[in-house]
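A.B. asks: okay, predicted coordinates and the sequence, questions at the end:
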Amino acid sequence: MGAYVIPAFEAEATIAAIVRELLSSTPPGVATPVVVIDDGSSDRTGERAGEAGAIVLVHPKNLGKGAALETGLRWAKEQGHTVVVTLDADGQHPPLEAVRLLQHPASADSLLIGVRDLARAGAPTANRRSNAFSNIVLSGMAGTRLLDTQCGLRRYPVAQTLSLGATARGFAFEAEVVLRAARRGWPIVHVPCAVIYPQDRKTHFDSVRDPARIVARVVKTWFLVPHRRWQRRVIERAAQALGLLAILAFVTHMVIGSLARVSPPTVSIGRPARIDDGARRTVGRSSALRRQGIWEVLLRGSPAEIGFAHSTLLREEMVLTERSLLGTFEHYVPTTLARQLLLDVALFKFRDVHRGMSVARLEELAAESAAFTPDPFEAFLPTYQRFVYLNALYDISLSLEHSPLLGCTTFTVDRPGTDSGPLLARVFDFEVHDVFDRQKAVFFVAEEGQLPFASVAWPGLVGVVSGMNVAGLALVVHGARGGTFTSAGEPVVHAVRRVLGRARTTEEAFQLLLEQPAMVSHIIVAQDAQGHAARIERAPGRQATLIELGNLAVSSNHFEGPLSADPKNLRVMRETSTLARRARGDMLIRAQRGPVKPSTLAAWLRDKRAADGAELAAGDRRAIDAGIATHAVIVDTAQRTLWVSQGPHLDGDFVRYDLTEIFGREELLEPAALRPNLGPGD
């Protein structure tokens, strides 16, 4: 004789249909009762189950799935049933699969476990990971291979299961029963079964908390349950030691995942569709166009509107950028376990990175992540959380001992002596992947209540590494190293964006940077429309320093203010190319005869010689142009004109953009309006 046992909690929406289908599927003349244990539900679970024809046993309060299963098993024993088939109340297990399990030809004293294909069923990533890990750990502990230790579709031998003495009250009950049964030498039969994961599925299984409880129960049970033979005990103890280490790693992984979990703020946005008209893409009031090897992107509206438009306009390019980054990660860290370990370390170290971001930027990222669907990388990290970390990637990279961000060179010219206004020119080396060069983008951002600005970056970045606003304030970021590192503070790319949205002068920019702590040490070179050029040197826990620059100046990647004697800065000066590039820049300035024009600066940025004028081999990092630039920009702050390098690296023209005209018309201009370019021979 057999019965169906369904532990249920807050399941009024699904329980009746499950009961009815089980009863209608029972062969004629066979009395197979359906027993529902209402585990302290506050809704009408028990009532719905009873109306559908189930026998309902009620717990006055919620005791846990294990307690509900034990209640069902004890009822079955009292009624003389030899086996029970258990299934979940959320609709995950098709009732016909339970019928098939009850009729399975395996002996009545066997433990039958359903085996799900979670990937094919579309189960959440967290569930697949926790189940896979539980399978590995319990298999090691039990001394036999277990294929699906978290599946609730099972056939239990009633009297034998109760004799095991399992004591867990929650989800760990099922794992404890399997471990005790394996230790007693029970036959365990795996039966492939179908499973359903509807979009609106309601589950009470927490993919972090409950697996942690399960492995804790498994460890406890392993110590309490005696081994059958001493020879096997020696082998098992070695396996158990490895299992315990794996458990420790898993629990640590789960705890870190819980601590680092970041939930997006609630944003209310319209979802305008993307319209593709030839090369031009449009979303609401925003648009994007790729020409001359550069993405031109006009973003307008609230932070949420800008984030949604950004992701919708450039989704394919964002996917390409992320895939390239992950590919680089996998290339340098080829083993999955090592990658997960490094990811866990980073997640824990930077778990509070979002706290240094403004509400506006978090809302923008929330809308950007909401539009990024389907997300091919969600298994790696949830979309919003991943976008938060990607927007702190510059700071995280700068914190590394051998950062790829210590290769930038900037020239500032206060009084060029021509029709041009004050000038700033910089080369930005981001030696991570050439996708940042091939997919470079110029963002023209008109955020509500902020000064419009242009930023040269890549698809997906909402911050600024090189930019200028309509007031003629230009800011560029240089990597540097000094002081201490902290995972708190405002990411530098967000700090620069905040300043460009509010400041009109170099002095105002400096005062705004004092308002928020830095997350990592760096240098910001500023030039305003009045010709005030300065280096702003920042480090966590230290007062920012403003260093005035003369009429013609060059900056690289070492501190020259109070942090100049810092051991980390001295190491940068000793081990990187910062002094060589600075010396070459000084030589170019001294050798200059006549006015400095934008074309002069373009030639300096493309310079490939040593400080003494000697030719350097291609790729020599001592060159200002080492052939690795992600982008280079030249800005005329008085005329609000920006030139951006075409790829590859600095081999193409510099394309001209007029911020006054673009933001005045609120549209991307026709190609003729972008001329003249600065070619390699200009």
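C.D. replies: Sure thing, it's come through.

A.B. asks: assign the residue lying farthest from the centre of the chain to helix, strand or coil.
C.D. replies: Ranked by distance from the centre of the chain (C-alpha atoms, centre = their mean), the top residue is residue 29, with 56.6 Å. Classification of residue 29 by DSSP: H, G, I helix; E, B strand; the rest coil places it in coil.

A.B. asks: contacting residues for it?
C.D. replies: Taking C-beta atoms under 8 Å, 6 or more residues apart in numbering as the definition of contact, residue 29 has no neighbours. The C-beta positions use only the backbone N, C-alpha and C, and glycine is treated the same way.

A.B. asks: same check on the one 5 residues further on?
C.D. replies: Residue 34 sits next to 3-4, 6, 19, 22-23, 53-55 when contact means C-beta under 8 Å, 6+ apart.

A.B. asks: report the rounded mean pLDDT for the one helix or strand residue 386 maps to.
C.D. replies: Per DSSP states H and E: residue 386 is located in helix 383-390. Per-residue pLDDT values across helix 383-390 average out to 92.

A.B. asks: again with stretch 458-470
C.D. replies: pLDDT averaged over stretch 458-470 gives 93.

A.B. asks: gap between that stretch and the chain center?
C.D. replies: Its chain's average C-alpha position is 20 Å from that of stretch 458-470, according to C-alpha atoms, centre = their mean, to the nearest Å.

A.B. asks: again, but for stretch 595-610
C.D. replies: Worked out by C-alpha atoms, centre = their mean, stretch 595-610 lies 39 Å from the chain centre.

A.B. asks: any buried residues in that stretch, and which?
C.D. replies: Within stretch 595-610, the residues that count as buried by 16 or more other C-beta atoms under 10 Å are 596-610.

A.B. asks: where exactly do the strands run in the stretch 351-500 of the chain?
C.D. replies: 409-413, 423-429, 441-447, 453-457, 466-469, 474-479 (DSSP state E, counting those that start in this stretch).

A.B. asks: can I get the ones you listed in CSV including mean neighbour count and distance to residue 533?
C.D. replies: Below are the strands of the stretch 351-500 of the chain laid out as CSV (neighbours: other C-beta atoms under 10 Å; distance: least, C-beta to C-beta, whole Å):
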stretch, mean neighbour count, distance to residue 533
strand 409-413, 29, 4
strand 423-429, 27, 7
strand 441-447, 23, 23
strand 453-457, 26, 18
strand 466-469, 28, 13
strand 474-479, 28, 9
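
A.B. asks: now do the helices in the stretch 1-150 of the chain.
C.D. replies: Ranges of helices within the stretch 1-150 of the chain are 15-25, 45-51, 65-78, 95-102, 118-121, 125-142, based on DSSP state H, counting those that start in this stretch.

A.B. asks: list the contacts of the closest residue to residue 494 other than its chain neighbours.
C.D. replies: Ranked by C-beta to C-beta, 6 or more residues apart in numbering and with sequence neighbours excluded, the top spatial neighbour of residue 494 is residue 463, at 4.8 Å. When the contact criterion is C-beta under 8 Å, 6+ apart, the partners of residue 463 are 361, 391, 394, 455, 457, 491-494, 496-497.

A.B. asks: among these, who's most crowded?
C.D. replies: Neighbour counts for those, by other C-beta atoms under 10 Å, peak at residue 497, which reaches 29 neighbours.

A.B. asks: identify the bridge partners of residue 534.
C.D. replies: residue 526, residue 548 (DSSP bridges).

A.B. asks: any idea how far residue 483 is from it?
C.D. replies: Distance, residue 534 to residue 483, by C-beta to C-beta, to the nearest Å: 20 Å.

A.B. asks: over to residue 464: give its phi and psi.
C.D. replies: Main-chain torsions, residue 464, degrees, to the nearest 10: phi -130, psi 130.

A.B. asks: if I look at it, how far off is residue 320?
C.D. replies: For residue 464 relative to residue 320 (C-beta to C-beta), the value is 21 Å.

A.B. asks: of those two, who's got more company?
C.D. replies: Remark: of residue 464 and residue 320, residue 464 carries more neighbours, 28 against 16, as counted by other C-beta under 10 Å.

A.B. asks: hmm, back to that, now render the helices of the stretch 1-150 of the chain as CSV, adding distance to residue 617.
C.D. replies: Below are these laid out as CSV (distance: least, C-beta to C-beta, whole Å):
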stretch, distance to residue 617
helix 15-25, 72
helix 45-51, 75
helix 65-78, 67
helix 95-102, 67
helix 118-121, 49
helix 125-142, 46
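
A.B. asks: if we can go back for a sec, among the buried residues of stretch 595-610, name the ones in helices.
C.D. replies: Among these, the residues falling in helices (DSSP state H) are 598-605.

A.B. asks: from those, which is closest to residue 192?
C.D. replies: Taking C-beta to C-beta as the measure, residue 192 sits nearest to residue 605 out of these, at 62.8 Å.

A.B. asks: separation between the closest one and residue 626?
C.D. replies: 11 Å.

A.B. asks: how does the protein divide into domains?
C.D. replies: 2-242, 291-308+401-674 (automatic domain parsing).

A.B. asks: least reliable of these going by mean pLDDT?
C.D. replies: domain 2-242 (a mean of 82).

A.B. asks: tabulate the CA atom coordinates of stretch 498-515 in CSV.
C.D. replies: Coordinates of each C-alpha in stretch 498-515 appear next as CSV, following Å, rounded to 0.1, in the frame of the first residue of the first chain:
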residue,chain,number,x,y,z
ARG,A,498,29.5,64.4,-10.7
VAL,A,499,32.0,67.2,-11.0
LEU,A,500,31.4,67.7,-14.8
GLY,A,501,27.6,67.9,-14.1
ARG,A,502,28.1,70.8,-11.6
ALA,A,503,31.4,72.7,-11.9
ARG,A,504,32.4,75.4,-14.4
THR,A,505,36.0,76.1,-13.3
THR,A,506,39.0,74.2,-12.1
GLU,A,507,38.6,75.6,-8.6
GLU,A,508,35.0,74.6,-8.4
ALA,A,509,36.0,71.1,-9.6
PHE,A,510,38.6,70.9,-6.8
GLN,A,511,36.0,72.0,-4.1
LEU,A,512,33.5,69.4,-5.3
LEU,A,513,36.1,66.6,-5.2
LEU,A,514,36.7,67.5,-1.6
GLU,A,515,33.1,66.6,-0.8
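
A.B. asks: mind listing what's buried along it?
C.D. replies: For stretch 498-515, by 16+ other C-beta under 10 Å, it's 498-506, 508-510, 512-513.

A.B. asks: is residue 555 bridged to anything, and to what?
C.D. replies: residue 410.

A.B. asks: how deep is it tucked in, by neighbour count?
C.D. replies: 27.

A.B. asks: picking up where we left off before, and the helix holding residue 386, what does it pack against?
C.D. replies: helix 359-371 (3 or more C-beta pairs under 8 Å, 6 or more residues apart in numbering; DSSP states H and E).

A.B. asks: and the helix it packs on, which residues are buried?
C.D. replies: So helix 359-371, judged by 16+ other C-beta under 10 Å, has buried residues 360-371.

A.B. asks: between which two of these is the distance greatest?
C.D. replies: Most distant of those, by C-beta to C-beta, are 360 and 371, 16.9 Å apart.

A.B. asks: circling back to that earlier point, which one of the contacts of residue 463 is nearest residue 519?
C.D. replies: For these, the nearest to residue 519 is residue 491 (5.5 Å; C-beta to C-beta).

A.B. asks: for residue 476, see how far away the closest one is.
C.D. replies: 16 Å.

A.B. asks: equivalent analysis for residue 298, please.
C.D. replies: Taken as C-beta to C-beta, the span from residue 298 to residue 476 is 22 Å.
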